[in-house]
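>>> Mind looking at a prediction? Sequence and model below.
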Amino acid sequence: MKFTRLYLKAFGPFRDRVIELPNDAGKNFHVVFGPNEAGKSTTLRAVTGFLFGIPERTGDAFLHDYTALRVGATLLMPDGSRLSAMRRKARKSTLFAIDEESGAETTDRPLPEGAISGLLGGLDQALYQTLFGLDLNGLIPGSDELLRGEGDVGRSLFQAAAGLASLRNVMAGLEDEAAAVNQFVAHFLGLHFRNPLFLAHQFAEFLEVPPVGHAFT
């Protein structure tokens with residue numbers, strides 16, 4: 001899933017602003033830059049609001065009424081299809097299909113929330129913001145955690161890169177297995193070092209594989 005267009009219809013200081021993010025050949029990386037107070041952090045919050053819903057309490061309603069807040073996007077799917085939708089500020093039924101060119105809502109019937117959440121691979125908002133939505137307030141303490149290899153930021157980034165569901169559980173399991181192997185080797189090398197065939201059979205039984213002399217079937 002890739003963003004190809006972001007519609008800041010009514011969000012923060014923006015009104016009817018469209019940000020193009022073309023995904024043509026060779027255009028897979030975009031940098032959004034600007035001076036202080038240009039709206040970069042607001043745009044980042046808009047992306048998060050589109051994916052997970054605009055928070056019930058938000059500081060981005062100083063220009064527009066709460067009920068008027070709107071942020072939309074066009075998404076490019078891995079199969080080449082496109083999804084264009086607008087997120088309203090409400091407690092439920094907040095996602096609506098829009099015309100990709102104009103950004104206008106095409107129906108009053110809401111889209112199912114799964115139309116977006118199903119594309120996120122199980123990421124919740126907290127983890128998404130940790131991995132992809134760090135602002136200055138989160139980046140400074142997060143960088144300290146990364147340097148120490150501690151905290152949710154460092155752990156989450158490592159888990160995402162390694163594809164692990166729970167780094168702590170995996171590490172604990174590996175440590176337990178290593179301790180069991182070390183205990184086994186120390187015990188049998190100490191008691192049976194004069195009988196290598198017995199040691200081989202015992203070690204094979206420990207690993208649950210056919211020992212020396214057994215035929216593989």
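Ah, there it is.

>>> How is the chain divided into domains?
2-122, 167-207 (automatic domain parsing).

>>> from those, which stretch is densest packed?
Highest mean neighbour count among the domains of the chain (mean count of other C-beta atoms under 10 Å): domain 2-122, with a mean of 15. For glycine as for every other residue, the C-beta is placed from the backbone atoms N, C-alpha and C.

>>> What's the end-to-end length of that domain?
For domain 2-122, the first and last residues are 16 Å from each other (C-alpha to C-alpha, to the nearest Å).

>>> Likewise for stretch 78-98?
Using C-alpha to C-alpha, the two ends of stretch 78-98 sit 20 Å apart.

>>> Just send the domains of the chain back as CSV, with mean pLDDT and distance to residue 130 too.
Output for the domains of the chain, formatted as CSV (pLDDT from 0 to 100; distance: least, C-beta to C-beta, whole Å):
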stretch, mean pLDDT, distance to residue 130
domain 2-122, 92, 12
domain 167-207, 66, 14
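
>>> ranges for the helices of the protein?
40-52, 114-117, 125-132, 136-148, 151-162, 167-192, 196-207 (DSSP state H).

>>> outside of the second one, which residues touch it?
Under the criterion C-beta atoms under 8 Å, 6 or more residues apart in numbering, residues 50, 51, 83, 85, 95 lie in contact with helix 114-117.

>>> Which neighbouring elements make contact with the longest strand along the chain?
Secondary structure of the chain per DSSP state E: the longest strand is strand 2-11. Packed against strand 2-11 by the contact rule (3 or more C-beta pairs under 8 Å, 6 or more residues apart in numbering; DSSP states H and E) you find strand 14-20, helix 40-52, strand 70-76, strand 82-88.

>>> Quickly run through the sheet partners of it, with directions.
The strands beside strand 2-11 in its sheet (DSSP bridges) come out as strand 14-20 (antiparallel), strand 70-76 (antiparallel).

>>> what's the closest of these to residue 119?
Among those, strand 70-76 comes nearest to residue 119, with 7.2 Å by C-beta to C-beta.

>>> Would you mind giving the orientation angle of that closest one with respect to helix 40-52?
With axes from the mean of the first three to the mean of the last three C-alpha atoms, to 10 degrees applied, the angle from strand 70-76 to helix 40-52 works out at 70 degrees.

>>> who touches strand 70-76?
Here strand 70-76 has contacts from 1-11, 23, 46-47, 49-50, 54, 82-89, 98, 100, 103, 119, using C-beta under 8 Å, 6+ apart.

>>> Look up the closest residue to residue 123, ignoring the ones flanking it.
Nearest residue to residue 123 in three dimensions, chain neighbours excluded: residue 131, at 7.5 Å (C-beta to C-beta, 6 or more residues apart in numbering).

>>> so how many other residues sit close to the one you found?
15 (other C-beta atoms under 10 Å).

>>> same check, this time on residue 135
With other C-beta under 10 Å as criterion, residue 135 counts 12.

>>> Please name the residues that touch it.
41, 44.

>>> Any figure for the gap between it and residue 69?
19 Å (C-beta to C-beta, to the nearest Å).

>>> now residue 91
13 Å.

>>> Ok, residue 32 next?
20 Å.

>>> Residue 90 too?
Applying C-beta to C-beta to residue 90 and residue 69 gives a distance of 9 Å.

>>> One more: residue 118?
24 Å.

>>> again with residue 125
Here the criterion is C-beta to C-beta. By it, residue 125 lies 17 Å from residue 69.
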